[in-house]
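**Q** A predicted structure for the sequence below; I have some questions about it.
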Amino acid sequence: MKILFTVLFTVPLYVNSQEVDASDILFLKIQELEGELASLRSELESQAYLIEKLLNEESVQVDDGSSSDTEIASEANTFRFEGINDSKSIEEVYDQAIAELNDKDYQAAKQSFAYLADNFNDDEKIPLSLFWLGEILLLESNLDESEKFFQRLATDFPDHWRTPLAHKKIGDILMMSGEPEAAKIKYQFVIQAFPDNTASSLALQLLENME
């Protein structure tokens, strides 16, 4: 009888001990979550401040006004966010730039392509952005700036499928700049380096026309 009484007396103590342990664990979990929330809140506030600061700087730069090409570079750099390089953002900006290009809104397209080229890393969309920047500037007869973008594409992305055409475009710019011998050397390079590419056929036709 005494043994039964002892067992009955200790069972509530054991149950109560389990409840205390569970309460302690729950309390610790709540404290941990509160700490994480505080850390996230601090990070969000920091990001909000950074975004506001960058937007204010962008507003000042636009008000100052400068040459169109300098404006493109400064606006693109203003929106630089370290660590943001997700494919969704790249696709969205590139699609916007192509839409602006199709609408013949060349200034807006230049800004969008420049923003991509200066703020992201992507082996497909960045070289394409450089190519279209070169094309737009070539259309605007800005030969020096156009050549810079084609050269940047050819140098930074030598294996991209647009690189042969970029080299050929540089030859075109040399021809338009009154440097036919330099253009001929560039066309010959295209033929030798990319014999199976359409750019090679175009370069060959131009060489034949020069003879």
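**A** All right, it came through fine.

**Q** Please count neighbours and contacts with C-alpha atoms only from this point.
**A** Will do.

**Q** so which helix or strand takes in residue 158?
**A** According to DSSP states H and E, residue 158 maps onto no helix or strand at all.

**Q** any idea how far it is from residue 151?
**A** Here the criterion is Cα to Cα, to the nearest Å. By it, residue 158 lies 10 Å from residue 151.

**Q** Please identify which of the two sits among more neighbours.
**A** Legend: neighbour count by other Cα atoms under 10 Å for residue 158 and residue 151, higher for residue 151 (20 against 14).

**Q** need the contact list for the more buried one.
**A** When contacts are counted by Cα atoms under 8 Å, 6 or more residues apart in numbering, residue 151 touches 166, 167, 170.

**Q** mind running it again at 10 Å?
**A** The neighbours of residue 151, taking Cα atoms under 10 Å, 6 or more residues apart in numbering as the test, are 130, 131, 134, 145, 157, 163, 166, 167, 169, 170.

**Q** So for the helix or strand where it lies, mean pLDDT?
**A** Residue 151 belongs to helix 143-156 when elements are defined using DSSP H and E. This predicted structure assigns helix 143-156 an average pLDDT of 97.

**Q** residues of it that come out buried?
**A** For helix 143-156, a neighbour-count test (16 or more other Cα atoms under 10 Å) marks 143, 146, 147, 149, 150, 151, 152, 153, 154 as buried.

**Q** after that helix, next one along is what?
**A** helix 163-176.

**Q** Check which helices and strands that following helix sits against.
**A** Of the remaining helices and strands, those touching helix 163-176 by 3 or more Cα pairs under 10 Å, 6 or more residues apart in numbering; DSSP states H and E are helix 125-139, helix 143-156, helix 180-193, helix 198-210.

**Q** The third one versus helix 198-210: what angle between them?
**A** Same thing as helix 180-193. On the basis of axes from the mean of the first three to the mean of the last three Cα atoms, to 10 degrees, helix 180-193 is oriented at 140 degrees to helix 198-210.

**Q** which residues sit against helix 180-193?
**A** Outside of helix 180-193, the residues that reach it under the criterion Cα under 10 Å, 6+ apart are 163-177, 194-195, 197-207, 210.

**Q** from those, which would you call buried?
**A** Among the contacts of helix 180-193, the ones that count as buried (16+ other Cα under 10 Å) are 163-174, 194, 199-201, 203-204, 206.

**Q** quick check: domain ranges of the chain?
**A** Domains of the chain are assigned by automatic domain parsing as 1-64, 85-210.

**Q** just to revisit the earlier point, now the common contact residues for residue 158 and residue 151.
**A** Contact with both residue 158 and residue 151 is made by residues residue 166, according to Cα under 10 Å, 6+ apart.

**Q** Please tabulate the buried residues of helix 143-156 in JSON lines, including the columns distance to residue 119.
**A** Formatted as JSON lines, those follow (distance: Cα to Cα, whole Å):
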{"residue": "143", "distance to residue 119": "24"}
{"residue": "146", "distance to residue 119": "20"}
{"residue": "147", "distance to residue 119": "21"}
{"residue": "149", "distance to residue 119": "15"}
{"residue": "150", "distance to residue 119": "18"}
{"residue": "151", "distance to residue 119": "19"}
{"residue": "152", "distance to residue 119": "15"}
{"residue": "153", "distance to residue 119": "15"}
{"residue": "154", "distance to residue 119": "19"}
